[in-house]
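**Q** sequence and predicted structure, then a few things I'm wondering about:
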Amino acid sequence: MDFIVLGQQIINGLVNGMGYVLIATGLTLVFGVLRIVNFAHGEFYMLGAFLTYYALTLFGVDYVAAALLATIAVAGLGIGANRFFFRPLRKEHEFTILLSSLGLSLLIANGAEELFGADPKYVMSPYADEASEIGPFVVTEQRLIVFAAAAVVMAGVYWFIRYTRMGKMMQATAQNPEGAALTGINTDFVHGYTFALACGLAALAGALVAPTAMLFPTVGSWAVLKGFIVVVMGGLGSVTGALLGGLLLGVVESLGGGYISLGFKDAIGYAIIIAVLLWRPQGLFSVSRSTR
Amino acid sequence: MIKGRLPLVVAVLGILPFVVGNAYLQHMLVLWAIYALLALSLNMIVGYLGELTFGHAAFFGIGAYTSAILSMNYGLPVWLGPFAAAIVAAFFGAVIGYVALRIVGPQFAILTLGFGSILYTITNYWVDLTRGPMGISNIPPFSLPGLDIDFTRADRMYYVALVVLLLVAYGCRALMTSRTGRAFIAVRENAPLAASTGIDVFHTKLLGFTIATALAGVGGALYGHYLRVITPDLMSLQYVAALIIMVIVGGKGTIIGPIIGAGIYVALLEALRVVGSLRLVVFAALLTLCVIFLPGGLVSLWRRYAGRQAAGGAS
């Protein structure tokens, strides 16, 4: 019996963790390629969820189309954010860039509260109420979709970075921007592309996870905190680290929330960041420093 | 920029409550003085040590809770509250700084965010001590030993806050012209170079961080005894952002900048009350515009102007 509870907790944790993975992958890509810690990253998650909601309710498209539309729209917004908030500061100290991203984050979060209203929204997904049983464990279809879609997307991202021309250009820019520019790579274009990809991933996470919970305009700061925790665990700039870190955080939180205290569930994550940054600042899973 | 005009400035600040006349504007003045104190404390870390912290509001909260709890549950005289708050906040600051200052750059910001969030979570859930999300109300108003002054009135509390603010501003100035202050700047500009000239970078930063957290604690104590209600929200990201906005918009690394920044914050908060929550968007835009177009804050406008005047006079 206890074994079943434990198994259920782990499954819930893995599903939550997969959401974190999508958020953190974008954060880690932006850090790896542009050397930017983007405090506003969570806001793109929030925008993804809200645009899905509005596509569903205003345009009446089905859930899958709404999620895709939101993802593409937010990817476009990501290019704009890079153009206006980060590119002008490219040569500045990282401190200035972090402040600019804080400003952007406050701008989007407060703007969204103004625009969308502070009351909670429910994203209706046809899969949200269908429970499916796997052996003794129960998972809603929506949560299965979160896991499966995220797994497919992550495999795609990995393949993209590893084997496509664009992915290789991103790797080159991450390793040495000047060197990449010398070989004829348009690093400005790569930066914009990376931002689009990162923000698209965050928006997709929002679109997928939104139907499993209530949606508030303030959810962005929650998302970016989870992203930070995962990225710090996995090592800034590492995609594999984000994958492992996200799943680990999901499971640890789920078990901590179940067996210790639900109230301190969020504090577990912060305790992890502190321990990791002090003990292994390069991340738990990195063998050596991944880039530079 | 106010050199030589300091007595005049102090005199103007001193008669301000009489000038504005009404109790509500006096209340704004008190808030300004307290926020200015907090902004000065954050400026110590952001402006002088050159590290960005996202956990500063936690020390503000620790100060407020320390003074409130000690005076309500343990009979500590209220005027000792700010001192106790400074000590407790400095203790937390020293411990957290000792751990966190080994890391620099964006990771330091994330780490302080983590510590701040843990302190917030503890305050929110340790209901026996802090009464949790309900907060503490009916905190005794500020008082001075042997004097029967009603400090619930804004025009009187203003002088308390103003005196503390001026003392802290003077202290900051004295510190920054001292050897220690120059060490802060050296560490900010180039830590390895500073280390090569014999400055102990880590302990210099720890000292600055601890002083800053102690001052934030004093601000928290004054705030708690003035408003007489505190909730864990004092430690939330909202206050972190507000303090950062004051320092950056006013001008980091100066003494007058954060004080002006706090004034602008309080004034805008009031002036924009009609537009409701849209004002938060305005603040965010102000922060972003300053970061991108005016990195020295509003104070640098004055310098630019004064510099042009001087250049014009010379030619």
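**A** Everything's here; your move.
**Q** what is the neighbour count of residue B:26?
**A** Close neighbours of residue B:26, defined as other Cβ atoms under 10 Å in any protein chain shown, add up to 20. To be clear about C-beta, it is placed using only N, CA and C from the backbone, and glycine gets the same treatment.
**Q** pull the contacting residues for it.
**A** Counting by Cβ atoms under 8 Å, 6 or more residues apart in numbering or on different chains, residue B:26 touches B:17, B:20, B:154-155, B:158.
**Q** of the residues you listed - the most surrounded one?
**A** residue B:158 (26 neighbours).
**Q** quick one: what helix or strand has it in it?
**A** helix B:154-176 (DSSP states H and E).
**Q** run the chain-centre distance for that helix.
**A** 11 Å (Cα atoms, centre = their mean, to the nearest Å).
**Q** what comes into contact with the helix or strand following that helix?
**A** Sequence-wise, the next helix or strand downstream of helix B:154-176 (DSSP H and E) is helix B:179-189. Residues outside helix B:179-189 that contact it (Cβ under 8 Å, 6+ apart): B:48-50, B:175-176, B:193-194, B:197, B:199, B:201, B:204-205, B:207-208.
**Q** mind putting those residues in TSV, neighbour count, pLDDT and secondary structure included?
**A** Output for those, formatted as TSV (neighbours: other Cβ atoms under 10 Å in any protein chain shown; pLDDT from 0 to 100; DSSP: H, G, I helix; E, B strand; the rest coil):
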residue	neighbour count	pLDDT	secondary structure
B:48	24	88	helix
B:49	22	86	helix
B:50	20	85	coil
B:175	18	87	helix
B:176	18	87	helix
B:193	12	87	helix
B:194	20	83	helix
B:197	9	85	coil
B:199	19	84	coil
B:201	17	84	helix
B:204	21	88	helix
B:205	26	88	helix
B:207	19	91	helix
B:208	25	91	helix
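**Q** most widely separated two among those residues?
**A** B:175 and B:193 (21.2 Å; Cβ to Cβ).
**Q** what's near enough to touch the residue nearest to residue B:112 when sequence neighbours are not counted?
**A** Nearest residue to residue B:112, sequence neighbours excluded (Cβ to Cβ, 6 or more residues apart in numbering or on different chains): residue B:55, at 3.6 Å. Residues near residue B:55 by Cβ under 8 Å, 6+ apart: B:96, B:112-117, B:119, B:240.
**Q** looking at those residues, which is nearest chain A?
**A** Using Cβ to the nearest Cβ, residue B:114 comes nearest to chain A of the contacts of residue B:55, at 4.0 Å.
**Q** what's the burial count for that closest one?
**A** Residue B:114 has 28 nearby residues by other Cβ under 10 Å.
**Q** ok, it - contacts?
**A** A:229, A:270-271, A:273-274, B:55.
**Q** next one: residue A:20
**A** Applying Cβ under 8 Å, 6+ apart, the residues contacting residue A:20 are A:226-227, A:229-230, A:245-247, A:249-250.
**Q** near chain B too, which of the residues you listed?
**A** The subset of those within reach of chain B, by Cβ under 8 Å from any Cβ of the partner chain, is residue A:229.
**Q** nearest to chain B, of the contacts of residue A:20?
**A** residue A:229 (7.9 Å).
**Q** residue B:221 contacts residue B:64, correct?
**A** Yes - using Cβ atoms under 8 Å, residue B:221 is in contact with residue B:64, at 6.3 Å.
**Q** residues of the longest helix seen in chain A that come out buried?
**A** For chain A, the longest helix by residue count, based on DSSP state H, is helix A:2-34. Going by neighbour count (16 or more other Cβ atoms under 10 Å in any protein chain shown), the buried part of helix A:2-34 is A:8-34.
**Q** now swap in stretch A:145-152 and tell me
**A** A:145-147, A:149-150.
**Q** circling back: what is the helix holding residue B:158 packed up against?
**A** Under the contact criterion of 3 or more Cβ pairs under 8 Å, 6 or more residues apart in numbering or on different chains; DSSP states H and E, helix B:154-176 touches helix B:6-20, helix B:23-43, helix B:179-189, helix B:201-227.
**Q** enumerate every residue touching residue B:107.
**A** A:232, A:236, A:277, A:281.
**Q** switch the cut-off to 6 Å
**A** Counting by Cβ atoms under 6 Å, 6 or more residues apart in numbering or on different chains, residue B:107 touches residue A:277.
**Q** tell me how far the helix or strand hosting it is from the chain's mean position?
**A** Taking DSSP H and E as the criterion, residue B:107 maps to helix B:106-125. The gap between where helix B:106-125 is centred and where its chain is centred comes out at 18 Å by Cα atoms, centre = their mean.
**Q** what comes up buried for the helix holding residue B:158?
**A** Here helix B:154-176 shows B:154-162, B:164-166, B:168-169, B:172, B:175-176 as buried, counting by 16+ other Cβ under 10 Å.
**Q** need the nearest residue in space to the residue most central in space within chain B, chain neighbours excluded.
**A** With distances taken as Cα atoms, centre = their mean, residue B:38 lies nearest the centre of chain B, 1.1 Å away. Spatial nearest neighbour of residue B:38, excluding adjacent residues (Cβ to Cβ, 6+ apart): residue B:219 at 4.2 Å.
**Q** what's around the one you found, how many residues?
**A** 33.
**Q** just checking, it touches residue B:37?
**A** Yes - with contact defined as Cβ atoms under 6 Å, residue B:219 reaches residue B:37; the gap is 4.5 Å.
**Q** can you show me the CA trace of stretch A:222-234 as CSV?
**A** Extracted in CSV, the C-alpha atoms of stretch A:222-234 (Å, rounded to 0.1, in the frame of the first residue of the first chain):
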residue,chain,number,x,y,z
TRP,A,222,7.0,30.9,-9.9
ALA,A,223,8.1,29.5,-13.2
VAL,A,224,11.4,31.4,-13.3
LEU,A,225,12.2,30.4,-9.8
LYS,A,226,11.7,26.7,-10.7
GLY,A,227,13.8,27.3,-13.8
PHE,A,228,16.6,28.8,-11.8
ILE,A,229,16.6,25.9,-9.4
VAL,A,230,16.8,23.4,-12.2
VAL,A,231,19.4,25.3,-14.1
VAL,A,232,21.6,25.7,-11.0
MET,A,233,21.2,22.0,-10.3
GLY,A,234,22.0,20.9,-13.8
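**Q** can you confirm residue A:139 is in a strand?
**A** Yes - counting by DSSP: H, G, I helix; E, B strand; the rest coil, residue A:139 is found in a strand.
**Q** TSV for the contacts of residue B:114, including secondary structure and distance to residue B:126?
**A** Below are these laid out as TSV (DSSP: H, G, I helix; E, B strand; the rest coil; distance: Cβ to Cβ, whole Å):
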residue	secondary structure	distance to residue B:126
A:229	helix	22
A:270	helix	16
A:271	helix	16
A:273	helix	21
A:274	helix	19
B:55	coil	18
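**Q** start from the N-terminal end of chain A and give the helices.
**A** A:2-34, A:41-54, A:63-81, A:94-116, A:141-163, A:165-175, A:177-182, A:187-209, A:219-234, A:239-259, A:265-279.
**Q** ok, residues contacting the fourth one?
**A** Looking back up the chat, that one is helix A:94-116. Under Cβ under 6 Å, 6+ apart, the answer for helix A:94-116 is A:36-40, A:43, A:50, A:85, A:89, A:217, A:220, B:52, B:105-106, B:109, B:241, B:277-278, B:280-281, B:284, B:287-288, B:291.
**Q** mind listing what's buried in it?
**A** So, applying 16+ other Cβ under 10 Å, buried residues of helix A:94-116: A:94-114, A:116.
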